[in-house]
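>>> Coordinates only, no sequence provided:
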C-alpha cells in the first residue's frame, strides 16, 4: 500500500472516531435536555402553585363560597394565612376556593389553576385561569353562573380594595365561560349583600362593561 | 312577533344526560310545542332554528333584531339542578353607566342614533326584567319548586338582542327518564303564553 494512502486512511479513521465521540456526546446532551424539558403549562403550574404564603401573613377568617346543594353556593369560614397585599391575598383565597374541602362542595374543577392575578390602579382585578375552568364544568346557565358567582363572591368578601373583575382563560379574553355566561365584560366586586350571614347566595352575577369611547 | 330560540344545535349538543337526553333536541321540541300554543293564542312566532342547525349568537340576535317590537325567548335545559324546575334569566350589565353610545356630533345625534352591537340589550333591561318576572311567576306555578324570582345573569345569547329578551332553563338532562323532560313542553308553553299575554296587556308591553 502506498505510503500516502496509508496516511489518508489513518486521518479518515481518526475523523470517524472523533465523529462517533461527538455524536455520543450530542445524543447524551439531547437526552438530558428532553428529560428537563417542561411544557409552558407545566412550568407555569410549578411557579404558580408554589406556596404563596409569606412570613408576614396573619391567620384570619376567610369566607370561601363553595357549593351548598345542587344549585346554590354558600360562604364557609376558613382559617387562612392571608397577606395584606391584594394580589397575594386574592391568590390565596382563590387557590383555597379551587382546593375545595369535599367533592360535594366543589365548584371549580380540581384541574383548574390560577395562572395569574393582577390588579390595575383603578381597582380592576384580572384573574387568569387555565383551560379546565371552561372545559371541565357542566354546561348550562345555572352551573356557569355558580362558577362565576363563587369567584366573584370569594374575592368581594375577602379583598375589599378590588372594584371589578375580568376573567381570562389562559391569558386570552373569551366570549363565554362554557357557552352561556358572557365573560366579555367586568364583574362587580362590591361586597355581597349576604356578607355576615350564613345563608346561601344565588343569582348575584353582575357584569359591568366599560363604555368604549365614541 | 315572538322569536323562540332553541339553544345549541348541530355539533353543539349542549347538555347531555346519562339517560340519553340531549339538550339541543329537547329544546327544539319545546320550541315547536311553545310555537303551537302561542300561534293558537294569536301570537306571530318565528324560530331561530327549526332543524339541527347551529346559528351563531349574532345570527340569532340578528333574526330578532330584524323584526319590529319582537320578544326574544331563548330555551335551554340544564346539566344539573332539581328536575322539573325552571328559571328565567335576563341580561344584566351591573353598575355600568349603561345605554348605547350614539355616534357623531350633536346634529348627527338628532338625525340618527346608532346602537352598538355589543350593547343592543342595554336599552331593554327594564322591560326584559319585567318579562322575566312575569315568566318566572308562571313557571313557579307550573313547575313546583322553581325559584320565585328571575335571575340577572349575562347570558351571551341575549347580549346583542335589540328587544326584550330572556332565557329560560329547565332542569335537567339528569332525569332518569328522557320522556319526563319531553312532558315539560306543555306546561312550559302554557307558562310562556300566559306571561306573554300579561306582558302584552300590561304597562311594560307597550312601547
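Nice, I can see it. Here the structure is a predicted model, which means the values were calculated and not measured.
>>> rest of the way, CA atoms for contacts and neighbours
Fine.
>>> Run through the strands of chain B in chain order.
B:2-6, B:45-47, B:71-77, B:86-90, B:151-152, B:165-170 (DSSP state E).
>>> How about residues contacting the second one?
Same thing as strand B:45-47. Taking contacts as Cα atoms under 8 Å, 6 or more residues apart in numbering or on different chains, the residues outside strand B:45-47 that touch it are B:1, B:2, B:3, B:4, B:5, B:6, B:31, B:35, B:38, B:39.
>>> can you tell me which two in those are farthest apart?
B:6 and B:39 (16.9 Å; Cα to Cα).
>>> Those two: which has the busier surroundings?
Using other Cα atoms under 10 Å in any protein chain shown as the criterion, residue B:6 and residue B:39 rank with residue B:6 on top: 29 against 13.
>>> what residues are up against that one?
Contacts of residue B:6 by Cα under 8 Å, 6+ apart are B:24, B:27, B:28, B:30, B:31, B:47, B:48, B:49, B:74, B:75, B:76.
>>> 7 Å instead, please
Shown in contact with residue B:6 (Cα atoms under 7 Å, 6 or more residues apart in numbering or on different chains): B:27, B:28, B:31, B:49, B:74, B:75, B:76.
>>> same question for the longest helix along chain A, mean pLDDT?
Counting by DSSP state H, the longest helix found in chain A is helix A:3-36. Mean pLDDT, computed over helix A:3-36, is 77.
>>> Least confident secondary structure element in chain B?
helix B:106-111 (a mean of 44; mean pLDDT, DSSP states H and E).
>>> in a helix, that's where residue A:78 is, yeah?
No: using DSSP: H, G, I helix; E, B strand; the rest coil, the assignment for residue A:78 is strand, not a helix.
>>> which residues does it bridge with?
Taking DSSP bridges as the rule, residue A:78 bridges to residue A:62.
>>> just to revisit the earlier point, so can I have CSV of the contacts of residue B:6 showing pLDDT and neighbour count?
As requested, the contacts of residue B:6 are exported to CSV (pLDDT from 0 to 100; neighbours: other Cα atoms under 10 Å in any protein chain shown):
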residue, pLDDT, neighbour count
B:27, 96, 26
B:28, 97, 24
B:31, 98, 28
B:49, 97, 18
B:74, 98, 24
B:75, 97, 23
B:76, 97, 29
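>>> Can you show me the strands along chain A?
A:58-67, A:73-82, A:114-119, A:124-129, A:164-169, A:186-188, A:207-208.
>>> can you tell which of those strands is closest to residue A:145?
Closest among those, using Cα to Cα: strand A:73-82, at 10.3 Å.
>>> Counting by contacts, list what the closest one packs against.
Applying 3 or more Cα pairs under 7 Å, 6 or more residues apart in numbering or on different chains; DSSP states H and E, one finds that strand A:73-82 contacts strand A:58-67.
>>> show me where chain B has helices.
Under DSSP H, chain B gives helices at B:23-40, B:57-65, B:106-111, B:125-142, B:178-182, B:185-201.
>>> most tightly surrounded among these?
Comparing the helices of chain B by mean neighbour count (mean count of other Cα atoms under 10 Å in any protein chain shown), helix B:125-142 ranks first with a mean of 22.
>>> pLDDT on that helix, on average?
Helix B:125-142 comes out at a mean pLDDT of 96.
>>> Then stretch B:7-21?
Mean predicted confidence for stretch B:7-21 is 91.
>>> For chain B, which residue occupies the most central location?
Among the residues of chain B, residue B:73 comes closest to the average C-alpha position under Cα atoms, centre = their mean, at 2.4 Å.
>>> scratch that, chain A is what I was asking about
residue A:114 (1.7 Å).
>>> So what pairs up with that one in the strands?
Assessed by DSSP bridges, residue A:114 has beta-bridge partners residue A:129.
>>> so it makes contact with residue A:126?
No: contact criterion Cα atoms under 7 Å: residue A:114 and residue A:126 do not qualify, at 10.8 Å.
>>> picking up where we left off before, for the contacts of strand B:45-47, give me a markdown table that also has distance to residue A:75.
Below are those laid out as a markdown table (distance: Cα to Cα, whole Å):
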| residue | distance to residue A:75 |
| --- | --- |
| B:1 | 43 |
| B:2 | 40 |
| B:3 | 39 |
| B:4 | 37 |
| B:5 | 35 |
| B:6 | 35 |
| B:31 | 38 |
| B:35 | 42 |
| B:38 | 43 |
| B:39 | 46 |
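>>> Any chance of a markdown table for the helices of chain B, columns distance to chain A?
Listed next are the helices of chain B as a markdown table, based on distance: least, Cα to the nearest Cα, whole Å:
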| stretch | distance to chain A |
| --- | --- |
| helix B:23-40 | 10 |
| helix B:57-65 | 10 |
| helix B:106-111 | 12 |
| helix B:125-142 | 13 |
| helix B:178-182 | 16 |
| helix B:185-201 | 18 |
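>>> Turn those helices into TSV, including distance to residue A:108.
Shown next, in TSV, are those (distance: least, Cα to Cα, whole Å):
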stretch	distance to residue A:108
helix B:23-40	23
helix B:57-65	26
helix B:106-111	46
helix B:125-142	28
helix B:178-182	28
helix B:185-201	31
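>>> Show me the one of those that comes nearest residue A:62.
helix B:125-142 (33.9 Å).
>>> ok, residues contacting the closest one?
Helix B:125-142 is contacted by residues B:86-91, B:146-150, B:164-166, B:187, B:191-192, B:195, B:199, B:204 when judged by Cα under 7 Å, 6+ apart.
>>> Which residues lie in contact with residue A:126 in this structure?
Contacts of residue A:126 (Cα under 7 Å, 6+ apart): A:117, A:118, A:119, A:165, A:166, A:167.
>>> tell me which helix or strand of chain A sits lowest on mean pLDDT?
Per mean pLDDT, DSSP H and E, strand A:207-208 ranks last in chain A, at a mean of 54.
>>> ok, the residue nearest to residue B:12 when sequence neighbours are not counted to residue A:168 distance?
With Cα to Cα, 6 or more residues apart in numbering or on different chains as the criterion, residue B:12 has its nearest non-adjacent residue at 7.1 Å, and that residue is residue B:54. Distance from residue B:54 to residue A:168, counting by Cα to Cα, to the nearest Å: 26 Å.
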